[in-house]
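K.L.:
return atomic coordinates for the entry below.
(2 chains)
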Amino acid sequence: GAVVSQHPSWVICKSGTSVKIECRSLDFQATTMFWYRQFPKQSLMLMATSNEGSKATYEQGVEKDKFLINHASLTLSTLTVTSAHPEDSSFYICSAPEGGRNNSPLHFGNGTRLTVT
Amino acid sequence: DQQVKQNSPSLSVQEGRISILNCDYTNSMFDYFLWYKKYPAEGPTFLISISSIKDKNEDGRFTVFLNKSAKHLSLHIVPSQPGDSAVYFCAASAGTNAGKSTFGDGTTLTVKP
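P.N.:
As a prediction, the model looks like this:
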């Protein structure tokens, strides 16, 4: 069964609104989680590293004020797309390292398809 | 500059035959490599990994080969099964921090019955 749960699986929102995506680790604690964005037929692009108890670390070119990340607990990280625009429409996926260990393979959520109209 | 490349966007093989998926990388700092498999509407799932101290790692029907001098790795699936049909992503990281992996664009494998 899934060890990382991501919700919602899809969402449609109007331009200018904000959307929150949740990522939960099941049966293990994750001090670190990762958020990715994937465009059609392209690879997963790491957006940011979510750190429990501290600020997220954003990759170059990712607007931290646009993509707010909150690692509220050892099992929950949220990504909020603020003031969404059509160009934010994409597939967003989170992951957490197996057993919470950074040198372990990743468990991924099933992703969230965001469509901004 | 794409540091991890999967030059074949798709591959089709017959059931029972060998599937070989290739991946090239450019960053010599990469020392930990992983393959993930992704079905439609699901997130990627970990398949197999290899560290740079090895040149081969085997797990059942799946074998990953690493050629450090050529900066090339490959995933062999034998025998291929229809259930193996999926998108396969190659990923590479420096220092075994899988979370900071750089992913290739993926190869869609179709195994025909």
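K.L.:
ok, now which ones touch B:Ala70?
P.N.:
B:Ala70 sits next to B:Asp24 when contact means CB atoms under 8 Å, 6 or more residues apart in numbering or on different chains. (C-beta placed from N, C-alpha, C; glycine too.)
K.L.:
ok, B:Gly99 next?
P.N.:
A:Thr32, A:Phe34, A:Thr49, A:Ser95, A:Pro97, A:Asn102, A:Leu106, B:Ser93.
K.L.:
output the below-cut-off pLDDT ranges for chain B.
P.N.:
Along chain B, the parts satisfying pLDDT under 70 run over B:96.
K.L.:
now do chain A
P.N.:
Using pLDDT under 70, the flagged stretches of chain A are A:1-2, A:100-102.
K.L.:
what are the boundaries of the strands in it?
P.N.:
Using DSSP state E, the strands of chain A run over A:4-7, A:10-13, A:19-25, A:32-38, A:44-51, A:57-58, A:67-73, A:76-81, A:90-97, A:106-108, A:112-116.
K.L.:
and if you look at chain B?
P.N.:
B:4-5, B:10-14, B:19-25, B:32-38, B:45-51, B:56-59, B:62-67, B:72-77, B:86-93, B:102-103, B:107-112.
K.L.:
next one: the closest residue to B:Ile77 other than its chain neighbours from chain A, what distance?
P.N.:
Leaving aside its sequence neighbours, B:Ile77 sits nearest to B:Ser19 (CB to CB, 6 or more residues apart in numbering or on different chains; 4.2 Å). As judged by CB to the nearest CB, to the nearest Å, B:Ser19 and chain A stand 20 Å apart.
K.L.:
residues touching B:Ser19, list them.
P.N.:
B:Leu11, B:Val13, B:Leu75, B:His76, B:Ile77, B:Val78, B:Ser80, B:Asp84, B:Leu109, B:Val111.
K.L.:
ditto for B:Ala91
P.N.:
B:Val4, B:Phe33, B:Leu34, B:Trp35, B:Tyr36, B:Ala98, B:Ser101, B:Thr102, B:Phe103, B:Gly104.
K.L.:
ok, 7 Å please
P.N.:
B:Val4, B:Phe33, B:Leu34, B:Tyr36, B:Ser101, B:Thr102, B:Phe103 (CB atoms under 7 Å, 6 or more residues apart in numbering or on different chains).
K.L.:
how about these in TSV, adding distance to chain A?
P.N.:
Formatted as TSV, the contacts of B:Ala91 follow (distance: CB to the nearest CB, whole Å):
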residue	distance to chain A
B:Val4	7
B:Phe33	11
B:Leu34	6
B:Tyr36	8
B:Ser101	7
B:Thr102	8
B:Phe103	4
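K.L.:
buried ones only from the residues you listed, please, as a PyMOL command.
P.N.:
Buried members of the contacts of B:Ala91, defined by 16 or more other CB atoms under 10 Å in any protein chain shown, are picked up in PyMOL with:
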select buried, chain B and resi 4+33+34+36+101+102+103
